[in-house]
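K.L.:
Just the structure for this:
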Amino acid sequence: MEAGKTSASSEAKDFGKALCIITGASKGFGRCLAKEISALLKPGSVLILVARSGEKLQELDEDLSSDSDGLVIRCVVADLGQKDGVERVIIEARKTPSSDINSLFLFNNAASLGDVSRYVRGFTDMDEVDRYLSMNVSSALCLTAGILQVFPGHVGLRRCVVNVSSLCALQPFPSWVLYCTGKAARDMMFRVLAKEEPELRVLSYAPGPLDTDMQLHARSNTADDNIRKSTTAMHAEGRLLTCEESVGKLIKVMLKDDYASGAHLDFYDL
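P.N.:
As a prediction, the model looks like this:
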C-alpha cells in the first residue's frame with residue numbers, strides 16, 4: 001500500500017481539523033460540496049468559500065452558519081481570472097497558521113464552459129482565448145502553487161488538492177474547444193504536481209453530467225448538432241446527476257483515500 005493511503009477497514013469518518021478552500025463555491029457543484037464537507041470538519045476548522053458573486057456567497061455563509069459547530073467560515077469575493085483575485089484567496093488562507101490544523105484541502109472547482117457556439121476555426125481573437133485560459137487554467141496553477149507555498153509539507157499535516165475535471169479532459173467534444181482544452185491542461189497540470197510532490201494527495205475528479213446552469217447553457221448554445229442533441233436528451237430523459245449524488249461519491253473517495261495520487265477518476269467508474 002502506498003504511503004498516505006488507508007485501507008477500507010480504516011476509512012476515515014471525517015476530515016479532521018482542517019483548512020478547506022473551495023473555489024466556485026456560490027452555486028452548483030461547489031455550493032453542494034461546501035454544504036456536504038462542512039459537516040465533516042471538526043470544530044476549529046476553517047472553510048474558505050471563493051466566488052465572484054458576493055450575494056450568493058453570503059447566502060451560503062448564512063446557510064452553513066446556522067448548522068455549523070465551531071466552524072469558521074470566510075468568504076472571498078474574487079474573479080480568479082485576475083491576478084489580484086488569486087492573491088486575495090492566498091492572503092485569506094495565510095490567516096490560518098498551519099499549526100492550527102492537521103489537514104489542508106484545496107478544491108479547484110471554479111470553471112467556465114466558454115463559448116460553445118463556434119468551432120475551432122472561429123477562435124481568432126487571442127485576447128479572448130487568453131481570458132478563458134487565465135480563468136480556467138492559469139488561476140488553478142497559480143492558486144495551487146501559492147497555497148502550497150503558504151502550507152509546505154511537514155509531519156502532522158495532510159495536504160490534498162482536488163481538481164474538478166470532466167470527461168472533456170479525455171475526449172474531444174466538437175465546438176467545445178475552450179472547455180476541452182482547459183480541462184485537459186488542468187489534468188496534466190495536476191499529474192505533474194503529483195509526480196513532483198509524492199507526499200501530496202492529488203486527485204482529478206470528473207463529476208459526471210450535472211443538472212446545473214452550465215448544462216443548461218450547453219444544451220442551449222452548443223453549435224455541434226450531435227453534442228447539443230445529446231445534452232438535451234440527457235436532460236429530457238432525466239439522466240443528469242444531481243450535485244448531491246456526485247459530491248457524495250467524491251467525499252467517499254476522499255475519506256477512503258486509496259486512489260493513486262494524480263489519478264483522473266470519473267463518477268461512473270467508481
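
K.L.:
Now residue 161. Its backbone dihedrals?
P.N.:
Residue 161 has phi and psi values of phi -120, psi 130 when expressed as degrees, to the nearest 10.

K.L.:
how close does it get to residue 25?
P.N.:
Separation of residue 161 from residue 25 (Cβ to Cβ, to the nearest Å): 16 Å. Where C-beta positions appear, they are placed from N, C-alpha and C, glycine not excepted.

K.L.:
what do you get for residue 159?
P.N.:
20 Å.

K.L.:
more crowded one of these two?
P.N.:
Using other Cβ atoms under 10 Å, the more surrounded residue of residue 159 and residue 25 is residue 25, with 29 against 22.

K.L.:
Apart from its neighbours in sequence, what residue is nearest the more buried one?
P.N.:
Once flanking residues are discounted, residue 25 sits nearest to residue 49: 4.0 Å by Cβ to Cβ, 6 or more residues apart in numbering.

K.L.:
which SS state does that neighbour fall under?
P.N.:
Secondary structure assignment for residue 49 (DSSP: H, G, I helix; E, B strand; the rest coil): strand.

K.L.:
pretty sure it contacts residue 75?
P.N.:
Yes. Counting by Cβ atoms under 8 Å, residue 75 is a contact partner of residue 49 at 5.1 Å.

K.L.:
list the residues that contact both of those two?
P.N.:
Between them, residue 49 and residue 75 share these contacting residues under Cβ atoms under 8 Å, 6 or more residues apart in numbering: 57, 60, 61.

K.L.:
Low-confidence ranges, this structure, go.
P.N.:
Where the chain drops to pLDDT under 70, the residues are 1-10.

K.L.:
Phi, psi for residue 108 please.
P.N.:
Torsion angles, degrees, to the nearest 10, at residue 108: phi -80, psi 90.

K.L.:
my guess is it meets residue 138, correct?
P.N.:
No. At 11.7 Å, residue 108 does not count as touching residue 138 under the criterion of Cβ under 8 Å.

K.L.:
Comparing these two, which residue is more hemmed in?
P.N.:
A side-by-side neighbour count of residue 108 and residue 138, using other Cβ under 10 Å, places residue 108 first with 26 against 18.

K.L.:
Contacts only, for the more buried one.
P.N.:
So residue 108 contacts 23, 140, 143, 144, 161, 162, 163, 164, 186 (Cβ under 8 Å, 6+ apart).

K.L.:
Can you give me the neighbour number for the nearest residue to it once chain neighbours are set aside?
P.N.:
Spatial nearest neighbour of residue 108, excluding adjacent residues (Cβ to Cβ, 6+ apart): residue 140 at 4.5 Å. By the criterion of other Cβ under 10 Å, residue 140 has 26 neighbours.

K.L.:
can you confirm residue 140 is in a strand?
P.N.:
No. Going by three-state DSSP, the assignment for residue 140 is helix, not a strand.

K.L.:
Next, the contact list for it, please.
P.N.:
Neighbours of residue 140 in contact, by Cβ under 8 Å, 6+ apart: 108, 110, 163, 186, 189.

K.L.:
quick one: it and residue 234, what's the gap?
P.N.:
Where residue 234 is concerned, residue 140 sits at a distance of 27 Å (Cβ to Cβ).

K.L.:
where along the stretch 51-200 of the chain do the strands fall?
P.N.:
All strands of the stretch 51-200 of the chain, identified by DSSP state E, counting those that start in this stretch, fall at 72-77, 103-108, 158-164.

K.L.:
any chance of these in TSV, with distance to residue 134 too?
P.N.:
Shown next, in TSV, are the strands of the stretch 51-200 of the chain (distance: least, Cβ to Cβ, whole Å):
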stretch	distance to residue 134
strand 72-77	18
strand 103-108	14
strand 158-164	17
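
K.L.:
So which of those strands is nearest residue 197?
P.N.:
With Cβ to Cβ, the closest approach to residue 197 among those belongs to strand 158-164: 8.4 Å.
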